[in-house]
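[1] got a predicted structure plus its sequence, pasted below:
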Amino acid sequence: MPTASAVLDQRARDLRKTIVRAMGAGGRGHFGSAFSILEILRVLYDDVLRFDATQPKWPGRDRFILSKGHGCLALYAVLADKGFFPAEELFKFCQKDGLLGGHPEIRIPGVEASTGSLGHGLSIGIGFALNARLDRAPSRTFVVIGDGESNEGAIWEAALCACKHRLESLTAIVDSNKQQSYGPTAEVLNLEPLRDKWESFGWAVAEVDGHDVDALRGVFARLPLAPGRPSVIIAHTVKGKGIAFTEHNMHWHHKAKIAAGEIESLLAALETAP
């Protein structure tokens with residue numbers, strides 16, 4: 001599949017601006033990953049997941065886990081947009097009196113699992129899916145994992161387990177942005193052919209442009225991709241998507257310190273982004 005190239009609509013720009021402003025308030029954050037997964041999360045929460053933001057623990061809800069927890073700014077922006085917590089909390093990101101830290105925690109309304117230690121979210125998702133089966137509940141489970149995170153052996157142990165238990169209510173979404181913290185995934189530990197690997201583990205597989213909102217809606221509407229099998233959607237994304245000078249730029253993977261001038265530059269660039 002070619003490199004993701006979907007044009008940003010106004011909602012995509014607005015959510016990215018929210019992420020930038022939150023990062024500015026905290027003075028830090030994993031920028032590139034938040035921008036690569038934003039359309040995935042947006043479509044899940046706009047069109048796919050069953051939830052009640054006024055009752056985050058509603059038993060009938062679907063479960064969502066952001067296994068690559070460092071991309072949490074995207075999740076926070078979407079959860080605030082949906083009313084899980086006041087938007088003002090975004091502007092206390094990584095501050096002592098704030099709710100939101102640098103990785104998701106279960107104390108945050110709407111967060112199902114504390115994540116950030118890579119490789120574990122899919123196993124947690126299997127637990128949720130098995131519990132739903134035992135309870136005869138209709139709840140579905142969705143887990144976003146990274147392609148760099150997929151270097152972890154625990155991902156593939158979980159993949160085997162999900163297939164064994166025929167968890168068709170479980171969907172993994174791979175944020176395939178082709179980069180990780182210290183280089184291209186192809187050089188650090190090559191995952192290709194990624195589709196073949198998942199199929200060999202017994203999963204039903206689909207691929208999609210991870211920034212194309214309509215394409216994402218279409219593939220999620222097909223779930224489960226096959227009866228009696230877990231589904232995995234390989235979403236081809238661009239790290240730092242939406243701003244020319246941050247796309248594919250590893251300097252924007254994470255910022256431990258960010259100046260006000262950089263925030264202004266990012267916001268201005270989003271105004272003119274294609």
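    That came through fine. Numbering: from 1, shown residues only.
[2] wait, is H103 part of a helix?
    No. Judged by DSSP: H, G, I helix; E, B strand; the rest coil, H103 forms no part of a helix; its state is coil.
[3] what is the burial count for it?
    Number of residues near H103 (other Cβ atoms under 10 Å) recorded here: 17. Just so you know, the C-beta spots here come from the backbone N, C-alpha and C atoms, and that holds for glycine as well.
[4] pop out the phi and psi values for the nearest residue to it once chain neighbours are set aside.
    Spatially, and ignoring its direct neighbours in sequence, H103 is nearest to G116 (3.2 Å; Cβ to Cβ, 6 or more residues apart in numbering). Dihedral pair for G116: phi 140, psi -30, per degrees, to the nearest 10.
[5] contacting residues for G116?
    G69, H70, C72, G102, H103, P104 (Cβ atoms under 8 Å, 6 or more residues apart in numbering).
[6] name the nearest of those residues relative to T185.
    Closest to T185 out of those is H70 (15.4 Å), distances taken as Cβ to Cβ.
[7] excluding sequence neighbours, find me the nearest residue to that closest one.
    H30 is the one closest to H70 (Cβ to Cβ, 6+ apart), at 4.2 Å.
[8] so who does that neighbour touch?
    So H30 contacts H70, G71, C72, L73, G102, H253, H254 (Cβ under 8 Å, 6+ apart).
[9] can you give me the helices for the chain?
    10-26, 31-43, 72-82, 121-134, 153-164, 185-188, 194-200, 213-221, 260-272 (DSSP state H).
[10] buried residues in the shortest one?
    Along helix 185-188, the positions that meet the burial threshold by neighbour count (16 or more other Cβ atoms under 10 Å) are T185.
[11] send the alpha carbons of that helix over as CSV?
    Output in CSV follows, covering the C-alpha atoms of helix 185-188 (Å, rounded to 0.1, in the frame of the first residue of the first chain):
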residue,chain,number,x,y,z
THR,A,185,11.6,0.0,11.7
ALA,A,186,13.1,-1.6,8.6
GLU,A,187,16.6,-1.0,10.0
VAL,A,188,15.9,-1.5,13.7
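[12] now it, how far from the chain's geometric center?
    20 Å (Cα atoms, centre = their mean, to the nearest Å).
[13] pLDDT on that helix, on average?
    If you average the pLDDT over helix 185-188, you get 94.
[14] over to stretch 104-115?
    98.
[15] quote the end-to-end distance of it.
    Its start and end residues considered, stretch 104-115 measures 6 Å (Cα to Cα, to the nearest Å).
[16] show residues contacting it.
    51, 53, 56, 63-69, 72, 75-76, 79, 82, 84-85, 99-100, 103, 116, 121, 124, 128.
[17] repeat for stretch 70-90
    Residues contacting stretch 70-90 (Cβ under 8 Å, 6+ apart): 15, 18-19, 21-23, 25, 29-31, 33-38, 41-42, 45, 51, 53-54, 56, 66, 93, 98-100, 102-104, 108-111, 116, 144, 146, 175, 254.
[18] stretch 256-266 now?
    Against stretch 256-266 from outside (Cβ under 8 Å, 6+ apart): V20, R21, M23, G24, G27, R28, G29, I243, T246, K255.
[19] can you redo the residues you listed as CSV with distance to A206, neighbour count and pLDDT?
    CSV is the format used below for the contacts of stretch 256-266 (distance: Cβ to Cβ, whole Å; neighbours: other Cβ atoms under 10 Å; pLDDT from 0 to 100):
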residue, distance to A206, neighbour count, pLDDT
V20, 31, 27, 97
R21, 34, 17, 97
M23, 32, 23, 95
G24, 36, 21, 95
G27, 39, 16, 93
R28, 35, 16, 91
G29, 30, 26, 92
I243, 28, 22, 95
T246, 28, 20, 95
K255, 33, 18, 86
